[in-house]
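# here's a sequence, model it:
(chains A and B, ligands or ions: 1)
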Amino acid sequence: MPAIDFEGRSVPIHAGDSVASALYRDGVRILSRSFKYHRPRGLYCVSGDCAHCMVTVDGEPAVRSCVTPAANGQRVARASAWPSPEHDVLVSAWWMRALLPVGFYYKLFAKPRWMWPLAERYIRRVAGIGPVDTTARPGRILRRNHHPDVMVAGGGAAGLAAALRAAGRGESVLLADEGAIGEKVAPGPTRSAIAKLLASARAHPQVTILEHTRVTGLYDGPLVIAAGEGVAHWIHPARIVIATGAVEQHAVFPGNDLPGVWLGRGAARMAGVHGLAPGRSTVVVAGTTEALEHVETLRKSGTVIRLVVAPAAIAPHVPSGIPVVVDGTVVEARGGRSLRAVVIMGPAGRTVVSCDALAVSLGFVPRDGLLRQASIGIINGAGDVVEPGCTVARAIASGEAAAERPLSAPMSVVPGVGAPPGGGIVCTCEDVTTKELSAAWDEGYRWTELLKRYTTATMGPCQGLLCHQHLRAFVVSRSPAGPAGAPTTARPPARGLTMEEAAAGAEHAIEQRTVLHDRHIDRGARMDWAGAWKRPASYDDPLAEYWAVRRGVSVMDVGTLGKYRVCGPDATEFLDRLYPVDVRTIKPGRSRYGLLLNEAGHIFDDGLVAAMGANDYFVSATSSGADAAEAWMRDWAETWRLRVHIVNQTTALGAINVAGPSSRDLLARLTKDPVDNDTLPYGGLRKITVAGIPCIALRVGFVGELSFELHHPRSRGVELWDALLAAGKDLGIRPHGLDTLKLLRLEKGHILVGQDTDFDTTPGKIGLESLVRMNKPYFIGRSALERLATRPPQRRLVPLRFAGTNAPDEGAQLMDGDRHVGYLTSSRYSPALECGVALGWLATNGGSGPVRVVAVSRGQRRDQGEVVSAPFYDSKSVKLRG
Amino acid sequence: MALLITCPNCGSRAYTEFWFGGELPAPPPAPGAPVDASAEFGRVWYRRNVAGLQAERWFHFAGCRRWLTVQRDTRTNAVHAGD
Ligand SMILES: [Zn+2]
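From the prediction side, this is the model:
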């Protein structure tokens, strides 16, 4: 026989069992201990709403056992009790509740301060609903996107009717329900109606049904998140129908949370669906006509109906032979670890009735957590969630209407409130009593939102489903006029969402790779993220990579650079307005380095502008800024209505930088085109053929050595890479990665936009005034720079030199005596200069700032540094021009 | 699929295909024309942040890679006709 493992013992399961029904059949009555007072809790709603039945299933805490199908081999355990949930000594918290006044976490242990760590340790052990399994299991939950016309949350009569109506009009429909559809409903006319609708929906090709899938939240878009078995569904519908139904009203009286006290539908479900009686002798509170069906269902399960408490309108319909108290109320439930008796106040006075089950049907409260999250006018409610307690026929009509009705404004449903709660536990998730609400009220928290925050009522796993109406009724009874009793704001998640489900798909990040990716891996490269790209950080030997560039020859895959062809009659005019450098004077066959400024005069990218011919340019941008640079260019081209073509060649072209004193010799071996310093000088460009591959060769200077950036058709990248490495073998060629590049450029004092700059960095702050031609009549950011010129910068990015073989940390803080004066943005040890080289922000307060500073790294390491001038390496740039 | 944006090149597409470019700013001064510094400062730095119909820029990165201007109700996400 299939069985679950319950705290080390085997509990058999029957067909159709939930975890809770299997445990209940086996005699388990206490499923959890309450959050604060460790009161025993058993089955109550049996609809997945309350927190009473939450257990740990296969390591996942806070699983509602009443809606979780039992499966062979499942490991089930209860949480948060000592020594066991049956005999939890921490229940003493209930008797000591005077010591845990409302809001105690805000005030009780605030003084003396030394008490807090001890108290915190106690609270952490006592409170909570089970430990979280922190083992990472990436990829266990998949993310799946859906794009239906209509999304329906809830598979009751209203939801199914809405789905069928929409599908009938040819719309695609996705319907999600947190359980197996129809199975939560006890046998009867409602269940039959649902079964009929379900059969039609299953047969309809336009309807997709997701069962055991919790709709947890609505987000902008709209985006609906639903968590299913092993799948997080991201649903992007055009319209949404919320048909999440209603939950039976939570009754508040002393002892209302004892095991043995059930909501009427819960007891009926257990009896009708699983054939399990709620107790040996049962008292039924029949405030609704539906409760009369429950009486029949319960009787069939084998319990004795001791008494029915019913209003005058319903009392005559109670089956004969059952004692009835007309117009009575339950005022108390008595018992220790489970119900032993109820106290009923009737017209004839108090009666104490001994019983071990109480089924309470007082009316219905909308399960409207999702509906109340709706802020946009394409969301409709249907059925019980808008008309709690409506008939099946009414629910079907309402569902059909909801599928039709085009809405222009958000649907707002503010249900009325009933009588204020009596004594007892208002919020069973968070253990908040009516007394505590009163205490909070007396302390001045006189608004639903304030009471909620201060007492944490409505903030537990049920998100106020059971207690929100009581919280409002409490406030309205004391402050009948005015907005104090307004509903609290509903936010996602409406149902529990595990971290794993929330993170689903995060590991599906799209990784951009160049065609050389496998070549890098083969060489043992350590790959690192650079924006959306994966790039080699380093190969086997960073120092060898470095010396290959400085003394021999090296290659680097720079195919991730943003690359654009900009041409057309207005291309020169366009780029001259875009860049602060002078673009008009760039002769064909020459390039110029330029910063990209926004309208505020702040640097957001940099790159080369290379003239291929008249009004024909090749423009580059940083790897991570490539997309933004394109959007930026297109925005301005359209704003100015200039005649330019912008062709993004970022993915079409690969690029390999061939750098080092021997780079020209290497290139000469692979090309018949001239690459001498007169034909292709520093800053020049030329179309050449290398190893049979057409390239645009750019003489660039980022690393500070003779170098050629070869832009080529991406499809031939591997061929070019292999040819270069093969031809350069005797020259000691080896590729270098990003780590080496960052050191090489730092030795030249070149900035990395984003690392050395902030969002508000102007060229003047980083000593690049020479790249701004204020004598041009216009460029983007010019008027902002003109305005800023009247205010000398309060800080500057400066080059610093540190003695010793250990450079300070990047991010080290700079001190001038005991005055904090800045921090380092880049810092490396330079093997060529045998000292630390760095760039850092220094407070200059409009002047020049200190010359000698101390850099404080992690672990309080201190390095004496000196502000110098850049470049550190090859200061006259002789090598570069080679 | 809601929050649909109608791209003049590609048709009705999901908002997830676009980057949001913010409110449609006032037109910039013509290049080279004299600039009123304080008006320009306001144009660059201030946003109206309306609750209601707003003209705004979207870049169709997953489609034609062109900018478009749409009228969106910031309270309901209803997108009305383009500019
Ligand atoms: Zn488009």
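# now the residue of chain B most remote from its centre: phi and psi?
Relative to the centre of chain B, and counting by Cα atoms, centre = their mean, the farthest-placed residue is residue B:34 at 26.0 Å. Residue B:34 has phi and psi values of phi -60, psi 140 when expressed as degrees, to the nearest 10.
# gap between it and residue A:640?
Taking Cβ to Cβ, to the nearest Å as the measure, residue B:34 falls 18 Å from residue A:640. Yep, even glycine has a C-beta here, placed from its N, CA and C like the rest.
# can you get me a residue count around the residue lying closest to residue B:72 once chain neighbours are set aside?
Beyond its immediate neighbours in the sequence, the residue positioned closest to residue B:72 (Cβ to Cβ, 6 or more residues apart in numbering or on different chains) is residue B:79, lying 5.0 Å away. Residue B:79 has 19 neighbours, counted by other Cβ atoms under 10 Å in any protein chain shown.
# CA atoms only: put stretch A:745-764 into CSV for me.
Provided in CSV are the C-alpha atoms of stretch A:745-764 (Å, rounded to 0.1, in the frame of the first residue of the first chain):
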residue,chain,number,x,y,z
ARG,A,745,44.8,50.5,-20.2
LEU,A,746,45.3,51.7,-16.6
GLU,A,747,49.0,52.0,-17.2
LYS,A,748,48.1,54.4,-20.0
GLY,A,749,45.6,56.3,-17.8
HIS,A,750,42.6,55.4,-20.0
ILE,A,751,39.3,55.4,-18.2
LEU,A,752,36.7,52.7,-18.4
VAL,A,753,33.3,54.3,-18.7
GLY,A,754,31.1,52.9,-15.9
GLN,A,755,34.0,51.9,-13.7
ASP,A,756,35.9,55.1,-13.4
THR,A,757,33.0,57.4,-14.2
ASP,A,758,29.7,58.0,-12.4
PHE,A,759,26.4,58.9,-13.8
ASP,A,760,27.2,62.6,-13.4
THR,A,761,30.8,62.7,-14.7
THR,A,762,31.6,65.5,-17.1
PRO,A,763,34.8,65.5,-19.2
GLY,A,764,36.2,68.3,-17.1
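# what about that stretch, distance to the chain center?
Chain-centre distance of stretch A:745-764: 32 Å, with Cα atoms, centre = their mean, to the nearest Å.
# can you pull the buried residues of that stretch?
A:745-754, A:756-757, A:761-764 (16 or more other Cβ atoms under 10 Å in any protein chain shown).
# pick out the most distant pair among these.
Maximum pairwise distance in the buried residues of stretch A:745-764, criterion Cβ to Cβ, is 24.7 Å, between A:747 and A:762.
# so how far is residue A:182 from the residue of the stretch 51-200 of chain A found nearest chain B?
Nearest to chain B in the stretch 51-200 of chain A, going by Cβ to the nearest Cβ, is residue A:147, at a distance of 5.0 Å. To residue A:182, residue A:147 is 27 Å away according to Cβ to Cβ.
# and these two? which has more neighbours close in?
residue A:182 (21 against 15).
# so which bits of chain B are right by chain A?
For chain B, the residues in contact with chain A (Cβ under 8 Å from any Cβ of the partner chain) are B:1-4, B:14-16, B:19, B:21, B:27-29, B:31-32, B:35, B:37, B:40-41, B:44-45, B:57, B:59, B:61, B:65-67, B:75-78.
# now, these that are in helices?
If you go by DSSP state H, these have B:37, B:40-41, B:44-45 in helices.
# Throw those residues into JSON lines and include neighbour count and pLDDT, thanks.
Shown next, in JSON lines, are those (neighbours: other Cβ atoms under 10 Å in any protein chain shown; pLDDT from 0 to 100):
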{"residue": "B:37", "neighbour count": "12", "pLDDT": "89"}
{"residue": "B:40", "neighbour count": "18", "pLDDT": "93"}
{"residue": "B:41", "neighbour count": "15", "pLDDT": "93"}
{"residue": "B:44", "neighbour count": "17", "pLDDT": "94"}
{"residue": "B:45", "neighbour count": "10", "pLDDT": "94"}
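# with distance to the ion added, can I get those in JSON lines?
Converted to JSON lines, these look like this (distance: Cβ to the ion, whole Å):
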{"residue": "B:37", "distance to the ion": "37"}
{"residue": "B:40", "distance to the ion": "31"}
{"residue": "B:41", "distance to the ion": "33"}
{"residue": "B:44", "distance to the ion": "28"}
{"residue": "B:45", "distance to the ion": "30"}
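# go through stretch A:350-367 and flag the buried ones.
Buried residues in stretch A:350-367 (16+ other Cβ under 10 Å): A:351, A:353, A:355-362, A:364-367.
# walk me through the domains of chain A.
A:3-97, A:142-247+A:365-404, A:250-362, A:425-495, A:511-561+A:652-761, A:562-649, A:789-882 (automatic domain parsing).
# so which of these comes closest to residue A:775?
domain A:562-649 (8.8 Å).
# quick one: that closest one to chain centroid distance?
Remark: domain A:562-649 is offset 36 Å from the chain centroid, using Cα atoms, centre = their mean.
# what is the mean pLDDT for it?
Looking at domain A:562-649 alone, the average pLDDT works out to 96.
# sorry, back to before: among the buried residues of stretch A:350-367, which are in strands?
Those of those mapping onto strands are A:351, A:353, A:357-361, A:364-366, per DSSP state E.
# which one of those residues is nearest to residue A:231?
Nearest to residue A:231 among those is residue A:366, at 27.7 Å by Cβ to Cβ.
# so the closest one touches residue A:246, yeah?
Yes - Residue A:366 sits in contact with residue A:246 when judged by Cβ atoms under 8 Å, with a separation of 5.3 Å.
# returning to what we had before: type out the ChimeraX command that picks the buried ones from the residues of chain B next to chain A.
To isolate the buried subset of the residues of chain B next to chain A in ChimeraX, counting by 16+ other Cβ under 10 Å, use the following:
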select /B:1,2,3,15,21,28,35,40,44,57,59,66,67,75,76,77,78
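# so which of the residues of chain B next to chain A belong to strands?
Short answer: the residues of chain B next to chain A in strands (DSSP E) are B:4, B:14, B:19, B:21, B:57, B:59, B:67.
# would CSV of those with pLDDT be doable?
CSV is the format used below for these (pLDDT from 0 to 100):
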residue, pLDDT
B:4, 79
B:14, 81
B:19, 93
B:21, 93
B:57, 94
B:59, 96
B:67, 95
